[in-house]
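# model the structure of this input:
(2 chains)
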Protein chains: 2
Amino acid sequence: MTAPQASLLRLLRDGPRSRVELAADLGFSRPRLSVELDRLMGARLAEDAGPAASRGGRRSGRVRLARGLRFGGVDIGATSLDVAVTNGELEILGHLSEPCDVAAGPAHVLGRAVELFGKLGADRLHGVGIGVPGPVSFRDGTPVVPPIMPGWDRYPVREAVGQELRCPVVLDNDVNIMALGELHAGVAKRVGDFLLIKLGTGIGCGIVVDGRIYRGVSGSAGDIGHIQVEEQGPACACGNTGCLEASFGGAALARQARAIAAASPYLARKEGPLTAEDVADAAAQGDPEAARLVREGGRRVGQVLAGLVSFFDPGMVIVAGGVAGLGHVLLAEIRSTVYRRSLPLATGNLPIVLSELGGTAGVIGAARLITDHVWRAA
Amino acid sequence: MTAPQASLLRLLRDGPRSRVELAADLGFSRPRLSVELDRLMGARLAEDAGPAASRGGRRSGRVRLARGLRFGGVDIGATSLDVAVTNGELEILGHLSEPCDVAAGPAHVLGRAVELFGKLGADRLHGVGIGVPGPVSFRDGTPVVPPIMPGWDRYPVREAVGQELRCPVVLDNDVNIMALGELHAGVAKRVGDFLLIKLGTGIGCGIVVDGRIYRGVSGSAGDIGHIQVEEQGPACACGNTGCLEASFGGAALARQARAIAAASPYLARKEGPLTAEDVADAAAQGDPEAARLVREGGRRVGQVLAGLVSFFDPGMVIVAGGVAGLGHVLLAEIRSTVYRRSLPLATGNLPIVLSELGGTAGVIGAARLITDHVWRAA
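Below you'll find the model as predicted:
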C-alpha cells in the first residue's frame, strides 16, 4: 500500500468525507486524489457515499470506507475476556464479554476468543488487535515475562491467532489499547498528546505522542507501577519496597480494605474478598475510613503523576481501570495533588478526567491498532 | 525549500557523502537526486567534493555542504556567555567564552553576544541558535517568567538578535541545546532517543525522541527540578517543599557544603562561597562528609531518574552541567539507584554516562537547532 492510500484510509476511519476535503487535508490535486481513490475502490477498501451537502456550485462526491470491512478487537483482562467486531470506522457491530481467567493459559483463552468471533458471525476479518494485561514485545507479537499470566511468556500470540483467523494480528498491552480507544472514540478524540493511567490489579500508563503510542527504546515505556512513592513503604512483588502498585494496586487496596473492615460498619458486613467497588460504595455512604483509603491512594497516584506531568507536559491525563471506579473522590485527590505539585506552565490547561468509554475502550483501541498496522505505507 | 532539499542538507551536516549513498538513503532515483542537488548548488548551499573512493566501476561523485556556510551558536548561562561560529557541518571555527551575569538583562547580554560575533569575524551568518537558562516559548522566541533572568520575561530575543545580525534566529532553553549538541557531536551521536539531565544552578532535562527535542504540549517538557524527592524536604523557591532542586541544585549544594565545612578540614580552608567543584575536590581528597553529600545528592537524582526511565524507556541517559563535575562518585550513585529502582526491561542496556562535550555542547546544539529550523520543508 502506498503512503497516500494509507493516509486516506486512516482519515476515513473518522467517517465519510467529501473529495474536496480529502484533497485539501492531504495536499493532493483532485486528479491525484482520484487516482488513489480509484485504486482503493478497486481493492474494495473504499466506496462512493453519494454527493456532499451542496455549498453552491457543483457538488463534491463523498467517499467512505467499504461497508464490508470487518476488524476484530480482543481485550484480555486478568479475569475477563472481551471480543468485539467493528466496521472500518471502528464502530462496534457486536461485542461479547465474559469472565475468563488469564492464568488458564494462552491455548484456552485465545481459543475462547476465536470461538467468540464465531458467535459474533465474523467469518472473514481484515485484521485483529489483541491486548493483554502484561508486558509485550510489540515487534515479536509475544508477551514477555508477564507477572500475572502463567504460561504466556514468549507465547506466539500473533502467529497463533493469525493462523486460526487467517488475517493480520497485532498484540499490545491492555493500557496501550485503552489509550488508543480513548483517542479514537473517547475523551481524547481531539487530543494528540496525552497519558492514560490505568489503576487496576496492576498500574500502568499509556503514552500517546502525536496520535501514536510511544513505546520507548525497549518497548517498556509507561511501566510506572514500580515507581517508588514511599521510602519505607510496603514490600512489592517486584522485590523493591514502596512501589506505587504495592501501595495502591488492586491487591493492596483489597488488603487495606480488609484491615479497616473492623472499624467500618459497611465493609464489616461484606463477605469474601473486598474490592475497589466495595471501598467506593463504603466511601460514598460516608464511611470515613474508606474515604481515607481513597484519598491516600489518590495522593500517591497524584504524586507520581505530578512528576510525569512536569517531565512530559501532556495535553490531558485520563484515569481509567477498575480502581478508577473509586470515582470523583479519587479524581479530586489526584487533581489537587497534581495541580499543587506540578509547574503552572504544564498544568495551566491540563484536564485530568475519568475514562469515558469504560469497558469498550480496550476493544475499540485494539481494532484501531490493527487498522494502524494494515493501513500503513509498505 | 522542498522536503527533499531539506533532507539532503540535514544529512550533509554529518559530512560529505557520495551521490550513490544519498540516493539510497533518501530513496531517490539518480536523476531525481541530480535535480535536487543542482538546485542546492545553484543556491550555493552545497558543492561537489570530488570523486568518492573507488569501489570498482565508475566512481560516484561526492557532495558536501558549501564551505562558505556559517552558523552561530550562543549559550547564555547564569554567569557565563559562550559564542561560537560553525560551518554547515557544525564544526566550531571560532569560540569565545567569558563571564557574564544574565541578570544584567537582555540588552546588555545580547549586545555582548553580537560583539563577540564581530570579534570572531562573522559578518554574514546564515542563522543563529540561542540557549538561555530558563523556560522559553519556542514558538514566540521569548523567555517566559524565567526565575533567574530578571528583565528577560517575554523579551523578543528572536526578533532583536535577528534584526541586529540580519539572519534567522531560534531561541530555546540551555538544556535542550545541550542535548542537541550531544546528539550532533557527542556521546549520543548514534542514539535517537535519550534524556540529558543537567545538574547546575537549576536542574532540567532535555528529551530527545527520534532525533528531535520533545517539547510537550505547552513547551515545558523536561522541567524536572521541582519533582518532589522528600516528603518533608527543604523549602524551595517555587513555594513547594522537597523539590529535587531544593535538595541538590547548585545553591542547595553550596549551602550544604557550608554547613559541613566545620567538620571538613578541606572545605574549612576555603574562603568565599563553596561550589560543586570544591565539594568534588574535597570528596576526591577523601573527605567523608563531602563524599556523603555527593552520594546523597546522587541518590536523589537517581530516585527521580529511576521513575523517568520506567516511564520513558530511553536509549541513554546523559548527566551534564556544573554539578556533574562531581564526577564518577556522583555517577556511580545515580547508576546504582536507577538500576536498583527501574524495571530490568528498561535498564537492561541503558547507558548512564557523563556528557562528553562539556563546555561546547551548548553552542554546537544551538547551531544544530538553527540548521534544523532553516533546513526544513516550507
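
# what's around the nearest residue to A:Gly61 once chain neighbours are set aside, how many residues?
Closest residue to A:Gly61 apart from its sequence neighbours, by Cβ to Cβ, 6 or more residues apart in numbering or on different chains: A:Arg19 at 5.4 Å. Backbone N, C-alpha and C define where each C-beta goes, glycine included. Counted with other Cβ atoms under 10 Å in any protein chain shown, residues neighbouring A:Arg19 total 18.

# what does the one 4 residues further on give?
Under the neighbour criterion other Cβ under 10 Å, A:Ala23 is assigned a count of 19.

# now A:Arg154
A:Arg154, neighbours per other Cβ under 10 Å, totals 12.

# got the residues of the stretch 101-250 of chain A near chain B?
A:135, A:144-145, A:193, A:205, A:207, A:209, A:214-224, A:226-228, A:238, A:240 (Cβ under 8 Å from any Cβ of the partner chain).

# again, only using 7 Å
A:135, A:193, A:205, A:216-218, A:220-224, A:226-228, A:240 (Cβ under 7 Å from any Cβ of the partner chain).

# out of those residues, which two are the most distant from each other?
By the measure Cβ to Cβ, A:Asp193 and A:Asn240 form the most distant pair in those, at 30.0 Å.

# more neighbours: those two, which one.
With neighbours defined as other Cβ under 10 Å, A:Asp193 and A:Asn240 compare such that A:Asp193 has more, 21 against 18.

# ok, the nearest residue to the more buried one once chain neighbours are set aside - contacts?
Leaving aside its chain neighbours, A:Asp193 sits nearest to A:Gly315 (4.7 Å; criterion: Cβ to Cβ, 6+ apart). Counting by Cβ atoms under 7 Å, 6 or more residues apart in numbering or on different chains, A:Gly315 touches A:191, A:193-194, B:217.

# for the stretch 51-200 of chain A, just list every one of the strands.
All strands of the stretch 51-200 of chain A, identified by DSSP state E, counting those that start in this stretch, fall at A:61-65, A:71-76, A:80-86, A:92-99, A:128-132, A:136-137, A:142-143, A:169-173, A:194-199.

# JSON lines for those, including mean pLDDT and mean neighbour count?
Shown next, in JSON lines, are the strands of the stretch 51-200 of chain A (pLDDT from 0 to 100; neighbours: other Cβ atoms under 10 Å in any protein chain shown):
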{"stretch": "strand A:61-65", "mean pLDDT": "95", "mean neighbour count": "20"}
{"stretch": "strand A:71-76", "mean pLDDT": "98", "mean neighbour count": "29"}
{"stretch": "strand A:80-86", "mean pLDDT": "97", "mean neighbour count": "24"}
{"stretch": "strand A:92-99", "mean pLDDT": "97", "mean neighbour count": "14"}
{"stretch": "strand A:128-132", "mean pLDDT": "97", "mean neighbour count": "29"}
{"stretch": "strand A:136-137", "mean pLDDT": "92", "mean neighbour count": "21"}
{"stretch": "strand A:142-143", "mean pLDDT": "94", "mean neighbour count": "23"}
{"stretch": "strand A:169-173", "mean pLDDT": "96", "mean neighbour count": "25"}
{"stretch": "strand A:194-199", "mean pLDDT": "95", "mean neighbour count": "28"}
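
# for these, which one sits closest to B:Phe117?
So among the strands of the stretch 51-200 of chain A, strand A:194-199 is nearest, using Cβ to Cβ, at 42.1 Å.

# all the helices of the stretch 201-350 of chain A, residue numbers only.
Taking DSSP state H, counting those that start in this stretch, the helices of the stretch 201-350 of chain A run over residues A:244-248, A:250-260, A:265-269, A:276-284, A:288-312, A:328-341, A:344-347.

# domains in chain A, by residue range?
Domain ranges of chain A: A:3-65, A:71-167, A:189-359, per automatic domain parsing.

# pLDDT averaged over stretch A:104-118 - what is it?
Taken as a whole, stretch A:104-118 carries a mean pLDDT of 97.

# buried ones in that stretch, by neighbour count?
A:106, A:109-110, A:112-114, A:116-117 (16 or more other Cβ atoms under 10 Å in any protein chain shown).

# now A:Asp48. Its backbone dihedrals?
Main-chain dihedrals, A:Asp48, degrees, to the nearest 10: phi -70, psi 150.

# contacts only, for it.
Counting by Cβ under 7 Å, 6+ apart, A:Asp48 has contacts A:61, A:63.

# now swap in A:Gly162 and tell me
A:168-169.

# same question, A:Asn173
A:131-132, A:134-136, A:204.

# show me which of the residues you listed is closest to chain B.
A:Pro135 (6.5 Å; Cβ to the nearest Cβ).

# ok so, going back, turn the helices of the stretch 201-350 of chain A into a markdown table, columns for mean neighbour count and mean pLDDT.
Below are these laid out as a markdown table (neighbours: other Cβ atoms under 10 Å in any protein chain shown; pLDDT from 0 to 100):
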| stretch | mean neighbour count | mean pLDDT |
| --- | --- | --- |
| helix A:244-248 | 25 | 90 |
| helix A:250-260 | 18 | 86 |
| helix A:265-269 | 15 | 84 |
| helix A:276-284 | 21 | 83 |
| helix A:288-312 | 23 | 92 |
| helix A:328-341 | 19 | 89 |
| helix A:344-347 | 18 | 63 |
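
# distance to B:Arg269 for those - can I get that in JSON lines?
Formatted as JSON lines, these follow (distance: least, Cβ to Cβ, whole Å):
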{"stretch": "helix A:244-248", "distance to B:Arg269": "46"}
{"stretch": "helix A:250-260", "distance to B:Arg269": "52"}
{"stretch": "helix A:265-269", "distance to B:Arg269": "63"}
{"stretch": "helix A:276-284", "distance to B:Arg269": "60"}
{"stretch": "helix A:288-312", "distance to B:Arg269": "39"}
{"stretch": "helix A:328-341", "distance to B:Arg269": "40"}
{"stretch": "helix A:344-347", "distance to B:Arg269": "43"}
